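Student: Here's my sequence, what's the structure:
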Amino acid sequence: MFMLVAVGSWGLRKGSEGEHSRDLNRSCRASPACLPSKIMKRQNPPERPTPLSRRDFLRGGALVSLGAAAAPAVARELEAEGQAPGSPDGKRQRGRHKIQLRINGTEREVQVEPRTSLLEALRTHLSPPMTGTKLVCDGGNCGACTVLLDGEPAASCMVLAVDAADHQVRTIEGEGDPTDMSPMQSAFCEHDGMMCGFCTSGFIMSLTAAVEANPKANEQELREACAGNLCRCGTYPQVFESALAAVRGNR
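Tutor: Numbers count the residues shown, from 1 in each chain. Next comes the predicted model:
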């Protein structure tokens, strides 16, 4: 009895081992990892980038070091020869310089640095300062600092003061005063075209240029003329009503 049980268990174990070997052979035939080395050599492996050698690495580092060491000497030679890059005449400008600005028909002398914007020159460097042109975004996005350069609207925060020296500059102060306002200023007062007042001078300058260019401008043309002016108070209906009133007054 014991012998029959032993023989039976041995036969079952052998049968299971045979089935396992057959399953293993089938899986090896399906998997590339079990293929013979000769067959694996026939397949084309993906190309790998050539690794950076130690010699190439040292050569590149030496070139970068030499370039960094020579850059200051080259810059000093260019400056000594009057060929410093970054300025139109080849001369480096430092510190403040006196320039003449023609503002509202009057010559005004002002000392500014080359980086000073026209807006900053008007508000802080002139004596007395002209603060009617407002500083709001300082990035040319809102139109509050609009002035007229040779009759064309321009964001004074984006114009260098030194670049405006050869142009006619018109600001809100040149349009009129409380005792003698321009037609556009009077229309803004009559039709409540202002709220907080920060954007008002920019709107007036843009619309003044549009009406001067086309005295019979319609509402659509006036809207396009001040497309770069923003009113955070939402006074647009009164602004365009004021502009249309100024146009009607010109007829």
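Student: What is the burial count for the residue nearest to A209 when sequence neighbours are not counted?
Tutor: Of all residues not flanking A209 in the chain, P153 sits nearest, at 5.1 Å (Cβ to Cβ, 6 or more residues apart in numbering). Every residue, glycine included, has its C-beta placed from N, CA and C. P153 sits with 21 neighbouring residues when counted by other Cβ atoms under 10 Å.
Student: Same check on E241?
Tutor: Neighbourhood size, E241 [other Cβ under 10 Å]: 18.
Student: check which helix or strand covers it.
Tutor: Element membership of E241 [criterion: DSSP states H and E] is helix 236-250.
Student: With A69 instead?
Tutor: Assigned by DSSP H and E, A69 falls in helix 54-80.
Student: would you list every one of the strands in the stretch 51-200 of the chain?
Tutor: Taking DSSP state E, counting those that start in this stretch, the strands of the stretch 51-200 of the chain run over residues 97-103, 106-112, 146-149, 152-155, 168-170.
Student: Tell me where the stretch 151-251 of the chain is predicted with low confidence.
Tutor: Filtered on pLDDT under 70, the stretch 151-251 of the chain yields the residue ranges 251.
Student: any idea where the helices of it begin and end?
Tutor: Along the stretch 151-251 of the chain, the segments classed as helices by DSSP state H, counting those that start in this stretch run 183-190, 200-213, 219-225, 236-250.
Student: The shortest one packs against which elements?
Tutor: If I follow you right, that is helix 219-225. Counting contacts by 3 or more Cβ pairs under 8 Å, 6 or more residues apart in numbering; DSSP states H and E, helix 219-225 packs against helix 200-213, helix 236-250.
Student: among those, which is the most enclosed?
Tutor: Mean neighbours per residue, mean count of other Cβ atoms under 10 Å, is largest over these for helix 200-213, with a mean of 23.
Student: Test my guess that L207 contacts A246.
Tutor: Yes - between L207 and A246 a contact is recorded at 7.3 Å, counting by Cβ atoms under 8 Å.
Student: Dig out what V147 forms beta bridges with.
Tutor: On the basis of DSSP bridges, V147 is bridged to A154.
Student: coming back round to it: could you dump the helices of the stretch 151-251 of the chain to CSV with distance to T106?
Tutor: Formatted as CSV, these follow (distance: least, Cβ to Cβ, whole Å):
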stretch, distance to T106
helix 183-190, 20
helix 200-213, 17
helix 219-225, 26
helix 236-250, 25
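Student: Could you pull up the residues touching the residue nearest the centre of the chain?
Tutor: Taking Cα atoms, centre = their mean, the centroid of the chain lies closest to G139, which sits 9.2 Å from it. If you count contacts by Cβ atoms under 8 Å, 6 or more residues apart in numbering, G139 has them with C157, M158.
Student: From E109, how far off is it?
Tutor: In this view, G139 and E109 are 28 Å apart by Cβ to Cβ, to the nearest Å.
Student: thinking again about what came up before, make a markdown table from the helices and strands packed on helix 219-225 and add distance to T133 to it.
Tutor: Below are the helices and strands packed on helix 219-225 laid out as a markdown table (distance: least, Cβ to Cβ, whole Å):
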| stretch | distance to T133 |
| --- | --- |
| helix 200-213 | 6 |
| helix 236-250 | 18 |
